[in-house]
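Trainee: Generate coordinates for the sequence data below:
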Amino acid sequence: MEQVEQNKSVFLNTSLIATIGVLAAAVFWGTSFGVAKESMLYTGVLMFLVIRFCCTLLVIFPLVSKKLNKQVWLQLAPTGGILSIIYLAETYGLKHTTASNAAFLISLFIIFTPAVDALFNRHKLAVTDLFAGCIAIAGVWLLVGDSLNTVTFNIGNILILIAALGRAAFVVTTKKKMNQQHCDPMVATFIQLSVVTAVCISLLVFTVPVEQFIIPSAPEFWFYIGYLVIFCTLFAFYFQIMG
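Mentor: Next comes the predicted model:
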């Protein structure tokens, strides 16, 4: 009986930590748009993404190097492909819209996710999920509504909406893959971001002239990158997958 109570206590504590972590991750993600937009004043979109994710992988690799194996790679690599589309659409979209518009539009993935989950897994869409999603969107509106510009169908806003749909698909497929192949959330993050990094490097090499390969030296840029790597990528992804 005592063992059962201990296990129950551990489960509740873990669940609480995961919930708090996901909420904190949402806050960090919300701030990431303004930080990323400032970062891209120093260099191009693809170089920004390559620097951001190369730095992220350098931090993660020592933590996961002994846990990587071919089976896990094959299982989770496709989700990295989805994530590549998300980051490219999101970052190029941010280049052509405001940070507040981007933050609001990307938050729509909260509503898209239950719908995508119901479609992928062939079950009824729960009204409670939609209601919770609407409450969350209303919260985002209260936070950024005053600074929102008119949300028109320009290229930036369209790309952000594509990214929001992609995030919904990413959450659903990652959850499904993780149920099939249990692994450390940090390992999953490393594999997914490795795919994103490979895609961004390939696009950079084949689409951007060498003379435009600008690696900024400004301390502000590297401060932004550090914030994005630690809080908006490592922390946020770990708790998203854990949750």
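Trainee: And the helices in the protein?
Mentor: 2-39, 45-64, 70-95, 99-106, 109-121, 127-144, 155-180, 185-207, 219-227, 236-242 (DSSP state H).
Trainee: Now render those helices as CSV, adding mean neighbour count and mean pLDDT.
Mentor: C-beta: built from backbone N, CA, C; applies to glycine. Output for these, formatted as CSV (neighbours: other Cβ atoms under 10 Å; pLDDT from 0 to 100):
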stretch, mean neighbour count, mean pLDDT
helix 2-39, 14, 63
helix 45-64, 19, 94
helix 70-95, 19, 93
helix 99-106, 24, 79
helix 109-121, 18, 77
helix 127-144, 14, 58
helix 155-180, 19, 88
helix 185-207, 19, 94
helix 219-227, 16, 95
helix 236-242, 21, 65
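Trainee: looking at the ones you listed, which is closest to F213?
Mentor: helix 45-64 (6.3 Å; Cβ to Cβ).
Trainee: Give me the contacts around that closest one.
Mentor: 36, 39-40, 42-43, 87-88, 91-92, 95, 184, 186-187, 189-190, 193-194, 196-197, 200-201, 203-204, 207-208, 212-215, 225-226, 228-230, 233-234 (Cβ atoms under 8 Å, 6 or more residues apart in numbering).
Trainee: Distance check, L228 against A236.
Mentor: 10 Å (Cβ to Cβ, to the nearest Å).
Trainee: and what of A118?
Mentor: For A118, the distance to A236 - Cβ to Cβ - is 25 Å.
Trainee: Also A218?
Mentor: Relative to A236, and taking Cβ to Cβ, A218 is found at 25 Å.
Trainee: ditto for G226
Mentor: Distance from G226 to A236, by Cβ to Cβ: 14 Å.
Trainee: One more: P209?
Mentor: In terms of Cβ to Cβ, P209 sits 33 Å off from A236.
Trainee: again, but for C54
Mentor: Counting by Cβ to Cβ - C54 and A236 are separated by 18 Å.
Trainee: do Y87 as well
Mentor: Counting by Cβ to Cβ - Y87 and A236 are separated by 13 Å.
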